[in-house]
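Undergrad: this one's structure only:
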């Protein structure tokens, strides 16, 4: 462990990447404090001294810890203030680190290794995942943990046609590429990307550009590591004895190869393979007894499978199911499969089968997040499930784990660019993809199934999208072949899992993991080109299933009507204590969402209740305009006029002089409480009071009406009835009172 404090800096994308060593976490095997802008990450690495017993895999754990204090926040929950279960973003970031560093370990290690990256400060501009990758690399490199580093990661964006290194959150909002790659000087071992229909050539160019920038961080780390040489610990490896390997070749490998390439369904083939594996364990145990660990016996068997798959593919272009390297399995699609729901799509590729079901909801149904990075909302959600029966196993059911979160996010990212905007389609959209059977890339099958469901529901997506998983077989000399639509042993024993999704016009999402040290940019170019060919074939099958979104929304889906009101009228719509809006909701059954800018969304189960709610809202929030004709009931009578409700809870005054085109003695001679009368808006005074007129309403009084009145009331000069007691005066004597002006 480094005891003296050291600081190193590198200018990266116009900002300083600063590394501090020997300051924090001195009891970890290795630690590094990384700062980028004002985002700061502490990375630590620890290895248990005693190997884990009975394990048949390398036990690596990567934890990415977001802290609310890093952003100067307290959790929004009223009851829980301590950080709890990691957010989905934290899980995804942890997976990024795991997928980047795992290929650089010897997988025969059985000592538990844990890498923890803790976000100490977050500046709101620089994503912590890039410095976290550098920190994890240095913590491992400067520790005694056996690891073949360093590695580094960079994010690539593109603004106005130019690539940008590690764009800020704000820049990423307008970038058409959001690419994160990790690797080392010669190879790339992890990719996570989203894009707005970018061509394969442009994406390959972005990967190459990012790889060149990544090398600068690698060289920076090598300089630091050279100053702090460390002796790596010698740990026992779960390596099989040569005798065990020889015995496998003599007894089992020929029959194993025959079973793997037999022409039979997956479950039958797997059953045969399992029977051979069980036989191998029995004969190996009988021959070697307790001198050979069970984990070594299992390891030798799986290494035999790995050897067979590589040899047959690279030497003979032979795949277990007889396909060519660039050939897809049989494809099929179906829509409207599930009754009562808003839309459904069933997609099958070979023995991988996914059912996606869509639900459309009100704008307020969107998901809200309170994370270290801020509070935000999501109106489009894709949730992916992988029940154990999908692979013929018994297992735990429940909420999704890291794998489900990762696969669901990848498919969601692939579809996001083609989802209609909130302005064009104000619904909240949730898709659930149920993996019913899995034999290779259910995550990419969920993209196709989800698109079918969207079109079945009548969601006006911009265009269809699809995805495919590509594999790789490579030998020690660097000879390789890229495989389309990997399955079974090709997935488990292959050297790369490369998922590519997009539309006919470009890529929308990428994800890559490797089991070898990494791949070159040329391999990725080949994989992208081969994936495009497969994607076009899948899109054609989807087009034959349903060519375009249905012209009308599913009759089971709610109806949303959006309208805009003056923000000043929001208080009228809400009413005191929510009285008005709740009255509308109770009366119509509609759901009403109001936003600060005056946007109002009415969600109703049927068109009639929605229309009723909209009409009510319009009345409540309508702005009275001078000159317009309105109608309403008389609510109150005074000596000087009458009040008329021209809109819900909004009254105007008809002065007695505006009741008729002649002198009116008493208001009740013309109107009474409860009468429904038309009125014309004369003006709205500075206090917001509405002044009305009844006499100016067109057609209200005819010349005949006026003549009839004049005949009954002899006139003097003006044609209007004289005031009682003689000519009109500005003063009158009130009974029992002195003179009063009016």
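TA: In hand now; what should we look at? What you see is a predicted model; the values in this text were computed from it and never measured. Numbering: from 1, shown residues only.

Undergrad: Got the domain ranges for the chain?
TA: 6-227, 242-316, 331-545, 559-621, 629-733 (automatic domain parsing).

Undergrad: Between these, which one is closest to residue 325.
TA: Closest to residue 325 of the domains of the chain is domain 331-545 (Cβ to Cβ; 5.4 Å). For every residue, glycine as well, the C-beta is placed using N, CA and C.

Undergrad: and the closest one, how far apart are its ends?
TA: Start-to-end span of domain 331-545 (Cα to Cα, to the nearest Å) is 11 Å.

Undergrad: And stretch 382-399, by the same measure?
TA: Length of stretch 382-399, first residue to last, Cα to Cα: 14 Å.

Undergrad: Neighbours of the closest residue to residue 391 other than its chain neighbours, how many?
TA: Excluding its sequence neighbours, the residue lying closest to residue 391 (Cβ to Cβ, 6 or more residues apart in numbering) is residue 438, at 5.4 Å. A count of neighbours around residue 438, defined by other Cβ atoms under 10 Å, yields 22.

Undergrad: What residues sit buried inside the helix or strand harbouring residue 243?
TA: Using DSSP states H and E, residue 243 sits in helix 242-251. Across helix 242-251, burial judged by 16 or more other Cβ atoms under 10 Å covers 244-245, 247-248.

Undergrad: Stretch 503-521 now?
TA: Neighbour-count burial for stretch 503-521, counted by 16+ other Cβ under 10 Å, picks out 503, 506-515, 518-521.

Undergrad: next one: it to chain centre, how far?
TA: 20 Å (Cα atoms, centre = their mean, to the nearest Å).

Undergrad: and what of stretch 328-345?
TA: On the basis of Cα atoms, centre = their mean, stretch 328-345 is displaced by 22 Å from the centre of the chain it belongs to.

Undergrad: got it, and stretch 140-157?
TA: Offset of stretch 140-157 from its chain centre (Cα atoms, centre = their mean): 29 Å.

Undergrad: Next: stretch 125-143.
TA: Relative to its chain's centre, stretch 125-143 lies at 25 Å (Cα atoms, centre = their mean).

Undergrad: would you say residue 468 is within a strand?
TA: Yes. Residue 468 forms part of a strand when assessed by DSSP: H, G, I helix; E, B strand; the rest coil.

Undergrad: for the stretch 51-200 of the chain, which spans come out with low pLDDT?
TA: 54 (pLDDT under 70).

Undergrad: one step back: with the buried residues of helix 242-251 in mind, which one is nearest to residue 263?
TA: For the buried residues of helix 242-251, the residue nearest residue 263 by Cβ to Cβ is residue 248; the value is 24.8 Å.

Undergrad: Can you tell me how far the closest residue to the closest one other than its chain neighbours is from residue 492?
TA: Once flanking residues are discounted, residue 248 sits nearest to residue 300: 5.1 Å by Cβ to Cβ, 6+ apart. Distance of residue 300 to residue 492, given as Cβ to Cβ, to the nearest Å: 16 Å.

Undergrad: Neighbour count for these two, which is higher?
TA: More neighbours surround residue 300 than the other of residue 300 and residue 492, with 21 against 15 (other Cβ under 10 Å).

Undergrad: and that one, which of the three is it?
TA: Residue 300 ends up helix, using three-state DSSP.
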